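**Student:** sharing a sequence plus its predicted fold:
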Amino acid sequence: MTTTPTTPSPTGTRADHDGRTFVEFTRTFRAPIEDVWAAVTESDRLARWIGTWTGDPADGEVQFLMSFEEDATAERMVIDVCEAPRLLRLTSTVLTDDTEQQTWKFRIDLSEDAGVTTRLFSQDVPDATMAAGVGPGWDYYLDRLVAAESGVDPATVVWDDYYPALSEHYRAAFA
């Protein structure tokens, strides 16, 4: 598997899918596609680098809780499409206050070639301000995933190295 960078640099790019603007990230792993799929879909594997989910995915949704966010609350994650081990589409709806909801779309695409699995991850971002926080956040979490899957302690990936250092890159890319 790959290793985490010692000096983080922004890896997300702008992409359009289904009429929405996304920030998109690629990571590669020297592992079978089924193993990488498990790392991004099984609650105990997710717990190592981002959070956990509860519920029954067969019901079409789970409750997802990010473990490394201050004041995190569980988010409802609707499973829009799941074609294991290659494709996952999710929609998250979060109450931002008592009356306003924020909805985000997520895309995970996996492919394998010659023992190397590529993971393409995307989240929709409606504007440059949101991209300035989301971009560094996903660089951080995806580097934690790489660390966890490489046998490195994800705690060695430090949030303060990503934010606000990478914010301006994403703000400019989505302006």
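**Tutor:** All right, it came through fine. None of the values given here were measured: they were computed from a predicted structure. Numbering: from 1, shown residues only.

**Student:** tell me, how many residues neighbour Tyr163?
**Tutor:** 16 (other CB atoms under 10 Å). No exception for glycine: its C-beta is placed from N, CA and C like everyone else's.

**Student:** list the residues that contact it.
**Tutor:** Listed by CB atoms under 8 Å, 6 or more residues apart in numbering, the contact partners of Tyr163 are Gly133, Pro136, Gly137, Tyr140.

**Student:** can you list these in CSV and add distance to Tyr170, neighbour count and pLDDT?
**Tutor:** Shown next, in CSV, are the contacts of Tyr163 (distance: CB to CB, whole Å; neighbours: other CB atoms under 10 Å; pLDDT from 0 to 100):
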residue, distance to Tyr170, neighbour count, pLDDT
Gly133, 8, 16, 96
Pro136, 7, 24, 97
Gly137, 10, 21, 96
Tyr140, 12, 22, 97
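
**Student:** just to check, Ala175 is in contact with Ala128?
**Tutor:** Yes: if you go by CB atoms under 8 Å, Ala175 and Ala128 touch, sitting 4.5 Å apart.
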